[in-house]
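A.B. asks: Here is a sequence together with a model predicted from it:
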Amino acid sequence: MNKLKIKLKKSKLRNSLRTFSLILIFDILFLIFPIFTSYAGDESAGEELFNKKCRQCHKTTEQVLIGPGLKDVTKRRSIEWIEKWLIDPKKILNSDDPIAQELKKNFKRIMPKIPEMSTDENRKDIIEYLKTL
Ligand code: HEC
């Protein structure tokens, strides 16, 4: 009887150890996963996107076309601001964002929402390219 109890206890212990180590392994995987998946952006993919979707309105110099020249844009605006802008320009233009208010005053046309800019990957690519200007 006593032996049986000890056996039972041992197997319970073994079971909870197993569960514990499984949880530990999943936790570790969960922690390292983002390191492998976080995407830095690809400058040349960004350039290609820029040529297709932005170049008709933006020069890569300081010169204005329909929109402002984008040289040094990542120096005058924060990456967070550019991200927000690219996702939905109209939303920022209609907010009280001071940069958007200034742009509104200086440009007659408004930048359309570009469907490609709704994905994280495309935005990161474009921003990598903008950093080189
Ligand atoms: C149809 C014309 C048009 C297209 C296409 C366009 N933009 Fe714009 N963009 C503008 C205009 C106009 C502004 C100035 C703000 C306003 O009035 O909307 C602007 C503003 C910007 C700004 C802010 C610049 C600053 O000095 O603060 C960034 C960044 C930008 N555009 C990036 C892009 C990118 C990247 C693309 C392509 C994915 C793109 N734009 C496509 C017209 C366009």
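C.D. replies: Received, thanks.

A.B. asks: Stretch 92-110: how far from the chain's middle?
C.D. replies: A distance of 23 Å separates the C-alpha centroid of stretch 92-110 from that of its chain, computed with C-alpha atoms, centre = their mean, to the nearest Å.

A.B. asks: Between its first and last residues, what's the separation in that stretch?
C.D. replies: Counting by C-alpha to C-alpha, to the nearest Å, you get 11 Å between the two ends of stretch 92-110.

A.B. asks: check whether that stretch contacts the ligand.
C.D. replies: Yes: contact of stretch 92-110 with the ligand (C-beta under 6 Å from any ligand atom) involves Leu93, Ile99, Leu103, Lys104, Phe107, Arg109, Ile110. C-beta here means a position set from N, CA and C on the backbone, and glycine is covered the same way.

A.B. asks: got the contact list for the most centrally placed residue in the chain?
C.D. replies: The structure's the chain has its C-alpha centroid closest to Asp120; by C-alpha atoms, centre = their mean the separation is 4.4 Å. Residues near Asp120 by C-beta atoms under 8 Å, 6 or more residues apart in numbering: Tyr39.

A.B. asks: and the gap between it and Tyr39?
C.D. replies: Distance of Asp120 to Tyr39, computed by C-beta to C-beta, to the nearest Å: 7 Å.

A.B. asks: Which positions in the protein make contact with the ligand?
C.D. replies: Residues of the chain lying near the ligand by C-beta under 6 Å from any ligand atom: 53-54, 56-58, 66-68, 70, 73, 77, 82, 85-86, 89, 93, 99, 103-104, 107, 109-112, 114, 117, 126.

A.B. asks: In ChimeraX, select just the buried ones from those.
C.D. replies: In ChimeraX syntax, the buried subset of the residues of the chain next to the ligand is picked out as below (16 or more other C-beta atoms under 10 Å):
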select :53,54,57,58,67,68,70,73,77,82,85,86,89,93,103,111,114,117,126
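
A.B. asks: Now do the same for the nearest residue to Lys59 once chain neighbours are set aside: its pLDDT.
C.D. replies: Of all residues not flanking Lys59 in the chain, Gly69 sits nearest, at 4.6 Å (C-beta to C-beta, 6 or more residues apart in numbering). You'll see Gly69 listed with a pLDDT of 97.
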